[in-house]
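Participant: Sequence below, structure please.
(one chain, ligands or ions: 2)
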Amino acid sequence: MNDKEYMRLALQLAKKGCGWTSPNPMVGAVVVKEGRTIGQGWHQRYGQAHAERNALASCTEDPQGATLYVTLEPCCHYGKQPPCVDAILDAGIHRVVVGSADPNPLVAGKGIAILRAHGIDVTENVLQEECDALNKVFFHYITTKRPFVSMKYAMTMDGKIATYTGASKWITGEIARNHVQRQRHRFRGIMVGVGTILADDPLLTCRIEGGRDPVRIICDTHLRTPLQSQVVMTAKQVPTILATCCGDPEKQAAYQQAGCRVLCLEAHCGHVNLLQLMEQLGQEQIDSILLEGGGTLNWSALESGIVQQVQAYIAPKLFGGRDAKAPIEGAGVPLPDAAFRLKNSRLEQLGKDFLIESEVEYP
Ligand code: AOF
Ligand code: ZN
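Facilitator: Ligands and ions are numbered 1, 2, ... in the order given. Purely as a prediction, here's the structure:
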């Protein structure tokens with residue numbers, strides 16, 4: 001096997017941490033000695049041992065003189081864990097092959113510099129694109145301190161998210177809907193507007209076995225969420241945040257008694273200030289948010305510049321209907337030239353449906 005093949009193995013190991021490592025990265029590592037894979041490890045859970053130490057601890061032979069493949073630059077700081085560079089030096093590793101550089105200001109090239117200063121042969125940027133893509137959430141969060149927001153919606157080929165009667169169950173098939181459930185496991189928060197609560201009374205949990213529920217965030221400027229809604233009724237089991245501009249202590253208390261947290265924020269154009277909300281959620285270690293709309297919140301989110309990615313699930317169906325809703329409403333842009341532009345689009349077929357995933361390109 002060559003460097004790329006070992007790095008591919010390290011990437012597969014890293015993915016096993018998906019959903020459990022946030023707000024830290026997914027990382028995988030492989031130890032290879034004279035062509036034999038003698039150790040493998042990954043970062044399993046936030047706060048626990050890093051991938052490099054797990055791989056070294058799993059070695060079936062003495063790693064002295066071996067090569068370590070790791071998807072992210074080894075750390076050199078004391079955080080919840082001791083520096084990985086120390087473990088690499090102690091183990092007598094001769095060569096380190098790295099996928100992504102670590103933009104964490106505590107590391108940022110210093111990990112690699114320390115290894116080189118100790119005479120270790122370091123090769124950088126092996127499968128860098130794949131390694132970077134794996135941790136796009138971490139890279140965004142560690143550099144901006146705000147959550148990575150993915151706007152997700154399911155629509156027909158004529159761009160409708162419901163029929164004119166408001167019915168939306170279901171637009172896409174089972175495979176696409178399971179894919180969405182996996183996103184709910186992967187993202188730390190899920191955000192909707194109060195309109196979605198009033199229209200659909202959703203639970204917003206992750207229904208895959210062994211999955212993790214995201215923190216539910218409801219943007220509710222005037223506190224109109226019904227106390228009898230499913231999200232409020234289950235707030236003692238699943239963390240639920242109401243983001244509001246309503247400072248009425250009595251109204252707030254009713255939600256708090258039900259187990260919700262109420263975040264009172266500034267207003268921005270008559271709605272919750274989303275940038276301020278993202279800053280607060282970032283401080284609470286929420287590194288990623290799946291934005292499940294509806295149209296009013298989706299537009300406000302785009303306009304506020306908080307959206308990094310769009311995930312459009314598209315069903316080969318047509319609903320028609322002048323009054324049938326579209327995924328993004330609000331005022332919209334006046335001219336095609338003023339469009340929000342998307343880049344690095346990826347297309348995936350999910351049964352009969354398609355997912356287009358793109359990054360938002362802010363000027
Ligand atoms: C991880 N897992 O496998 C690697 C990480 O607080 P700590 O000690 O867990 O350090 C977290 C930082 O360590 C993280 O932001 C990243 O820069 C670096 N590498 N982190 O959680 C790992 N290799
Ligand atoms: Zn480390």
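
Participant: and the residue in the stretch 251-363 of the chain positioned nearest to ligand 2, how many neighbours does it have?
Facilitator: Nearest residue of the stretch 251-363 of the chain to ligand 2: residue 287, at 17.5 Å (C-beta to the ion). (C-beta placed from N, C-alpha, C; glycine too.) By the criterion of other C-beta atoms under 10 Å, residue 287 has 25 neighbours.

Participant: Now do the phi/psi pair for it.
Facilitator: phi -90, psi -10 (degrees, to the nearest 10).

Participant: I'd assumed residue 137 was in contact with it.
Facilitator: Yes. If you go by C-beta atoms under 8 Å, residue 287 and residue 137 touch, sitting 5.7 Å apart.

Participant: Can you work out which residues contact both of the two?
Facilitator: Residues touching both residue 287 and residue 137 by C-beta atoms under 8 Å, 6 or more residues apart in numbering: 22, 148.

Participant: Please state the offset of the strand or helix carrying residue 299 from the chain centre?
Facilitator: Assigned by DSSP states H and E, residue 299 falls within helix 295-304. Distance of helix 295-304 from the chain centroid (C-alpha atoms, centre = their mean, to the nearest Å) equals 19 Å.

Participant: which residues touch it?
Facilitator: With C-beta under 8 Å, 6+ apart as the test, helix 295-304 has contacts from 149, 151, 153, 161, 191-193, 195-196, 219, 268-269, 271, 273-275, 291, 307, 325-332, 340, 360.

Participant: Mark which of those residues are buried, thanks.
Facilitator: Burial by neighbour count, judged by 16 or more other C-beta atoms under 10 Å, picks out 149, 151, 153, 161, 191-193, 195-196, 219, 268, 271, 273-274, 291, 307, 325-329, 360 from the contacts of helix 295-304.

Participant: Tell me which of those residues fall in helices.
Facilitator: 195, 196, 274 (DSSP state H).

Participant: if I look at the spatially closest residue to the second one that is not a sequence neighbour, how far off is ligand 1?
Facilitator: Among residues not flanking residue 196 along the chain, residue 294 sits closest, at 5.0 Å (C-beta to C-beta, 6 or more residues apart in numbering). In this structure, residue 294 and ligand 1 are separated by 34 Å, where distance is defined by C-beta to the nearest ligand atom, to the nearest Å.

Participant: Tell me how many other residues surround residue 294.
Facilitator: 24.

Participant: What is whichever helix or strand residue 69 is part of packed up against?
Facilitator: For residue 69, the host element (DSSP H and E) is strand 67-72. Contact here means 3 or more C-beta pairs under 8 Å, 6 or more residues apart in numbering; DSSP states H and E; on that basis strand 67-72 packs against helix 3-15, strand 28-33, helix 51-57, strand 95-100, helix 128-134.

Participant: In three-state terms, label the closest residue to ligand 1 within the chain for me.
Facilitator: Per C-beta to the nearest ligand atom, the residue of the chain with the smallest distance to ligand 1 is residue 79, at 2.4 Å. Secondary structure, DSSP: H, G, I helix; E, B strand; the rest coil: residue 79 is coil.

Participant: what's the closest non-adjacent residue to it?
Facilitator: residue 106 (7.3 Å).

Participant: Pull the contacting residues for the one you found.
Facilitator: 75, 76, 77, 79.

Participant: how about residue 267, what does it touch?
Facilitator: Going by C-beta under 8 Å, 6+ apart, residue 267 touches 221, 245, 273.

Participant: what is it paired to in the beta sheet?
Facilitator: Beta bridges link residue 267 to residue 272, judged by DSSP bridges.

Participant: Now do stretch 265-282: distance from first to last residue.
Facilitator: Stretch 265-282 has its terminal residues 15 Å apart, counting by C-alpha to C-alpha, to the nearest Å.
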